[in-house]
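Asker: here is my input, please return the structure:
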Amino acid sequence: MERIIQYNTSHKKLVETFLEQARAEGSSSTYTQHKFDIDNLDSKSSLWLAIVDGEVASISYAERSFITGTPESIRKCRYHILKKHRHGRYGFKIMKHQIAWAKENGFKHYYWTHDVKDKAINKLFQHKRTYIVGDNSWFDDEDYKKLTLETDLVFHDSPKSDMIQFVYSYYIDPEYKWQPTDRVIWHKHNGVINNAEEVLQ
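Answerer: So this is what the prediction gives:
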């Protein structure tokens, strides 16, 4: 049995157990106290959980995008799926709930970012391939089809990092023009960047 639910404090112990497992699986930098404090989440953002057979299989934070200077946007971040649940499609399942919640709460834009070096995942989000294993019905989903690659910019979280990321947007308000003022590099591309270092120069 699986459920996608919005976090509240009654789930804290379940999430803490998940975070210990996620850190052990390589996401320790994602879930530092500085970056992700379960006791001090933004009241107008929302944390989402995929619960499978009584345990948290995946989490994702729908965060107001102050990081880009556009708090009317929601950024999907702090995302991890435990290895034993990898083919559960929880990223897409949670995304559906986050978009619905963002619509209800007056947000105009929702986005998800992926490292430009991860060619396989970017082909998925650019609608150029499907999964080899598991349920591919998500590729016919209306919200998935509306995810659009931003071709004028890339996301750059920190000047200390050499990672740049493609941005995939869902425009809740089709008239909204996203104009981030921070944490992006304006760079035209076609969804393939073979040399991230050149973009960072």
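Asker: can you classify the nearest residue to residue 88 once chain neighbours are set aside as helix, strand or coil?
Answerer: Take residue 88 and drop its neighbours on the chain: the residue closest to it by Cβ to Cβ, 6 or more residues apart in numbering is residue 57, 6.2 Å away. For every residue, glycine as well, the C-beta is placed using N, CA and C. Secondary structure state of residue 57, per DSSP: H, G, I helix; E, B strand; the rest coil, is strand.
Asker: report how many residues lie close to residue 57.
Answerer: Other residues lying near residue 57 total 20 when counted by other Cβ atoms under 10 Å.
Asker: now the helices for this structure?
Answerer: Here the chain has its helices, by DSSP state H, at 12-22, 90-104, 119-125, 142-146, 196-200.
Asker: just to revisit the earlier point, identify the residues contacting the residue nearest to residue 88.
Answerer: Residue 57 makes contacts with 2, 18, 50-51, 81-82, 84-85, 88, 90, as judged by Cβ atoms under 8 Å, 6 or more residues apart in numbering.
Asker: in strands, which of these fall?
Answerer: Cross-referencing the contacts of residue 57 against strands under DSSP state E gives 2, 50-51, 81.
Asker: quick check, central residue of the chain?
Answerer: residue 76 (3.2 Å; Cα atoms, centre = their mean).
Asker: distance check, the closest residue to it other than its chain neighbours against residue 55.
Answerer: Spatial nearest neighbour of residue 76, chain neighbours left out: residue 112 (4.3 Å); criterion: Cβ to Cβ, 6+ apart. For residue 112, the distance to residue 55 (Cβ to Cβ, to the nearest Å) stands at 24 Å.
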